[in-house]
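Colleague: model the structure of this input:
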Amino acid sequence: MQRMQWGSRLGFILASAGATVGLGSIWKFPYVTAMNGGGAFLLVYLAFTFTLGLALLQAELAIGRAAGCGAVGAFARLGSRRWKLLGYSGVLCCFLVFSFYSVVGGWTLGYLRRALDGRVMNGDLAELGGLFGQYVGNPAESLATHALFAALTLLVVMGGVQKGIERAGKALMPLLFLLMLGLIARSLTLPGAQAGVEALFRPDFSKLTPAMLVEALGLACFSLSVGAGCMLAYGSYLGRDARLGNSALWVTGLTALTSVLAGLMIFPAIYAFGLDPQAGPGLTYMVMPAVFNHLPYGQLFAVLFFALLLMAALTSAVSLLEVVVVLPIDEFGVSRRKATLLVTALVFLAGIPAALSFGPLAEYKLFGRNAFELMDYAASNVLLPLGCIGTALFAGRVAWPAVSAELSLSALAAALMRAACRWLAPLLIGMVLVYNL
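Modeller: Reported below is the predicted structural model:
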């Protein structure tokens, strides 16, 4: 069967950028930056993103295009059957992440509805916290929005590479950037917004600690969706005429730009109203509505904000589902339609404990974590770092001839990248793994 391909280089870049731009770019980057010295963290994050992160992204794309299949088949074709385990690990990671990510994506649907009917327009943080707790603790609504978000992702992936994933990327990514720019323009015109801009860009090098360096490296690598096979799968659909290095640089640049834009969207508004920039996920569902309540046409901006979150969540979810769907297609010859329906049904079932983790199953914990937290921990703190280390070692030590041929690097660039894959990336990401554990 002939491998499907992207219809254009722009379509690939926008779809890949969509895979890397998720909810984390909108809420995680701003609060992690605030907790780690503002501009100092930003500089370190960008440095890691455009060095080790870019190298790992290029490696995954090269492995995918050289093998012409998903992660499980790619590691076997370019290495040996023993390396299939690394591919299966990536598929499992994406399955776990999508199972609870679909629940969070459902929250964006629930809050978009609450923005449309005005329920989020409240300046009292305690009441907003109660609204959030009431929503995630409602089993019927949590399961319904989880199912609806999974179904939206299914529709995109079932459409295939060109008609589904690429078309969605071309439509959603420009719209996402336009919405962000509109919210940034309003945020920067608020009285006192300058304090937020300074907090984002002014370096505080007293916060430059080993823990901060580990945090920046982890965010840089994992924000690029490397280590789970997402970019490998997308690379397998690339034609021979596409320049991998240039395309990877575009994806990396768009990912970094989105994170910085998210900071510019949130920091000035938070500081203008004297709210806590280190509120974590609360910035999205509890703190930001309080900001919108103080703005003229605040409900309109609330609707735009949660619509933006929904688009960011959907573009990432598509890449996660695609990695899992590719397995039965490549390995067992299942049609895309059947594979997508089967995998989405399994994801919904696996996500039920996560959806109920803040309601009926809130008291059931293992190792001090509920089902949602356990799934997040296993995927983000164990499987993803292990996948990054394994991919780097595979690219630098096993499949280097194929990787270097795909990238067409100069002698110096090839030497630097191979050293990064063979030694530097496994060592530093191993530190992130130990730190997270």
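
Colleague: distance of Met288 from Gln5?
Modeller: Distance, Met288 to Gln5, using CB to CB, to the nearest Å: 40 Å. Any C-beta I mention is one placed from the backbone N, CA and C, and that applies to glycine too.

Colleague: more neighbours, those two?
Modeller: Ranked by neighbour count (other CB atoms under 10 Å), Met288 and Gln5 place Met288 first, with 28 against 16.

Colleague: part of a helix, is the more buried one?
Modeller: Yes. Assessed with DSSP: H, G, I helix; E, B strand; the rest coil, Met288 lies in a helix.

Colleague: need the pLDDT of it.
Modeller: Met288 is assigned 76 on the pLDDT scale.

Colleague: just to check, it is in contact with Phe305?
Modeller: Yes. Using CB atoms under 8 Å, Met288 makes contact with Phe305 at a distance of 6.2 Å.

Colleague: name the nearest residue to Ala150, ignoring sequence neighbours.
Modeller: Spatial nearest neighbour of Ala150, excluding adjacent residues (CB to CB, 6 or more residues apart in numbering): Ser102 at 4.7 Å.

Colleague: buried stuff in the helix or strand hosting the one you found?
Modeller: In this structure, Ser102 is located in helix 84-116 according to DSSP states H and E. Buried residues in helix 84-116, counting neighbours by 16 or more other CB atoms under 10 Å, are found at 84, 86-87, 89-115.

Colleague: what mean pLDDT does that helix have?
Modeller: 92.

Colleague: what helices and strands are in contact with it?
Modeller: helix 23, helix 71-78, helix 125-136, helix 139-158, helix 298-332, helix 336-355, helix 371-377, helix 384-393 (3 or more CB pairs under 8 Å, 6 or more residues apart in numbering; DSSP states H and E).

Colleague: roughly how far apart are Leu92 and Leu61?
Modeller: 21 Å.

Colleague: and if you look at Leu320?
Modeller: For Leu320 relative to Leu61 (CB to CB), the value is 17 Å.

Colleague: cool, Phe372 as well?
Modeller: 31 Å.

Colleague: neighbour-wise, which of those two wins?
Modeller: Leu61 (28 against 22).

Colleague: hang on, that one packs against Leu244?
Modeller: Yes. Between Leu61 and Leu244 there is a contact under CB under 8 Å: 5.1 Å.

Colleague: anything in contact with each of the two?
Modeller: 235, 238, 406 (CB atoms under 8 Å, 6 or more residues apart in numbering).

Colleague: list just the nearest of the residues you listed to Ala312.
Modeller: Taking CB to CB as the measure, Ala312 lies nearest Gly235 of those, at 22.1 Å.

Colleague: and stretch 403-414, what's buried?
Modeller: Buried-residue list, stretch 403-414, by 16+ other CB under 10 Å: 403-404, 406-407, 409.

Colleague: picking that back up, what about the shared contacts of Leu61 and Leu244, which are in helices?
Modeller: 235, 406 (DSSP state H).

Colleague: go through the shared contacts of Leu61 and Leu244 and name the one nearest Lys170.
Modeller: For the shared contacts of Leu61 and Leu244, the nearest to Lys170 is Leu238 (16.3 Å; CB to CB).

Colleague: not counting residues beside it along the chain, what's closest to the closest one?
Modeller: Arg65 (4.8 Å).

Colleague: how big is the angle separating the helix or strand hosting that neighbour from helix 298-332?
Modeller: Using DSSP H and E, Arg65 maps to helix 54-67. Helix 54-67 and helix 298-332 are oriented at 40 degrees to each other (axes from the mean of the first three to the mean of the last three CA atoms, to 10 degrees).

Colleague: quick one: mean pLDDT for helix 54-67?
Modeller: The model assigns helix 54-67 a mean pLDDT of 93.

Colleague: ok so, going back, the residue nearest to Ala150 against Ala345, yeah?
Modeller: No. The pair Ser102 / Ala345 is not scored as a contact, 12.0 Å apart, by CB under 8 Å.

Colleague: common neighbours of the two, please.
Modeller: Common neighbours of Ser102 and Ala345 (CB under 8 Å, 6+ apart) do not exist.

Colleague: which residues does Ala59 contact?
Modeller: Residues near Ala59 by CB under 8 Å, 6+ apart: 226, 391-392, 395-396, 403, 417, 421.

Colleague: for it, which non-adjacent residue is closest in space?
Modeller: Nearest to Ala59 is Ala395, by CB to CB, 6+ apart, at 3.8 Å.

Colleague: OK, contacts around Gly110?
Modeller: 135, 141, 145.

Colleague: now Val226
Modeller: Contacts of Val226 by CB under 8 Å, 6+ apart are 53, 56-57, 59-60, 387-388, 391.

Colleague: residues of stretch 188-196 that come out buried?
Modeller: Result for stretch 188-196 [16+ other CB under 10 Å]: buried residues 188, 190, 193, 196.

Colleague: report pLDDT for the third one.
Modeller: So that's Ala193. Taking Ala193 on its own, its pLDDT is 86.

Colleague: tell me how far it lies from Gly70.
Modeller: From Ala193 to Gly70 the distance is 46 Å (CB to CB).

Colleague: hmm, who's touching stretch 123-133?
Modeller: Contact with stretch 123-133 is made by 114, 119-120, 122, 282, 285-287, 289-290, 293-294, 358, as judged by CB under 8 Å, 6+ apart.

Colleague: which elements pack onto the strand or helix carrying Leu200?
Modeller: With secondary structure defined by DSSP H and E, Leu200 is part of helix 193-201. Packing contacts for helix 193-201, counted by 3+ CB pairs under 8 Å, 6+ apart, involve helix 29-35, helix 39-48, helix 167-188, helix 244-272.

Colleague: Throw the ones you listed into a markdown table and include distance to Val382 and mean pLDDT, thanks.
Modeller: Converted to a markdown table, the helices and strands packed on helix 193-201 look like this (distance: least, CB to CB, whole Å; pLDDT from 0 to 100):
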| stretch | distance to Val382 | mean pLDDT |
| --- | --- | --- |
| helix 29-35 | 20 | 80 |
| helix 39-48 | 21 | 92 |
| helix 167-188 | 29 | 81 |
| helix 244-272 | 23 | 87 |
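
Colleague: nearest to Ser380, out of those helices?
Modeller: Of all the helices and strands packed on helix 193-201, helix 29-35 comes closest under CB to CB, at 13.4 Å.

Colleague: can you give me the buried ones in that closest one?
Modeller: For helix 29-35, by 16+ other CB under 10 Å, it's 29-34.

Colleague: repeat that for stretch 129-144.
Modeller: For stretch 129-144, by 16+ other CB under 10 Å, it's 131-132, 135-136, 141-143.
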